[in-house]
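Trainee: need the 3D shape of this:
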Amino acid sequence: MRRFKHISSYALALAFIGVGVLHFLFAKQFARIVPPYLPAPMLLVYLSGAAEVAGGLGLLGAAIRRWASWGLIALLVAVFPANVYMLQAHGAGFAVPLWALWLRLPLQLVLMAWVWWAGRPDKPALSFTGSLPELHRPDHGVA
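Mentor: Model prediction:
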């Protein structure tokens, strides 16, 4: 299980880093899904892209993995309105089927759970290297 978690965490990290980089390469396309009530769409795209790259890199380091996972969960909550807006705008110019836009909303929760799981510390393996404690019987004064 530990090996699966390790591989899964690296896949998740690479996905966040990759999508974060795409925010910089295709910023105008990402800006189309920023809800119109939010200010400075390009700035928000760059900030969210930088946060995704930083969070993905953070998942790679054991010392900061837990903090990175909480940061990525906060980011996923923060960008959820963009997913809702993309659904309301019927893809916001992207050729995405309506069913996929609906499915994306609950999948965001699955992604949050995956990020949380990846950030949890590994449970130490059971070890029986020490000796078992001695059992003590109360002395009832029987000689």
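Trainee: secondary structure element for Leu107?
Mentor: Per DSSP states H and E: Leu107 is located in helix 98-119.
Trainee: what average pLDDT does that helix get?
Mentor: Along helix 98-119, the predicted local confidence has a mean pLDDT of 95.
Trainee: over to stretch 68-88?
Mentor: Averaging pLDDT along stretch 68-88 gives 96.
Trainee: what does that stretch contact?
Mentor: 16, 33-36, 38, 48, 51-52, 54-59, 61, 92, 94, 96, 98, 101-102, 104-105, 108, 111-112, 115-116, 118-120 (C-beta atoms under 8 Å, 6 or more residues apart in numbering). Where C-beta positions appear, they are placed from N, C-alpha and C, glycine not excepted.
Trainee: make a PyMOL selection of the buried ones in those.
Mentor: Command for PyMOL, covering only those of the contacts of stretch 68-88 found buried under the criterion 16 or more other C-beta atoms under 10 Å:
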select buried, resi 16+33+34+48+51+52+54+55+56+58+59+92+101+104+111+112+115+118+119
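Trainee: next one: Gly18 from Leu25, what distance?
Mentor: For Gly18, the distance to Leu25 equals 10 Å [C-beta to C-beta, to the nearest Å].
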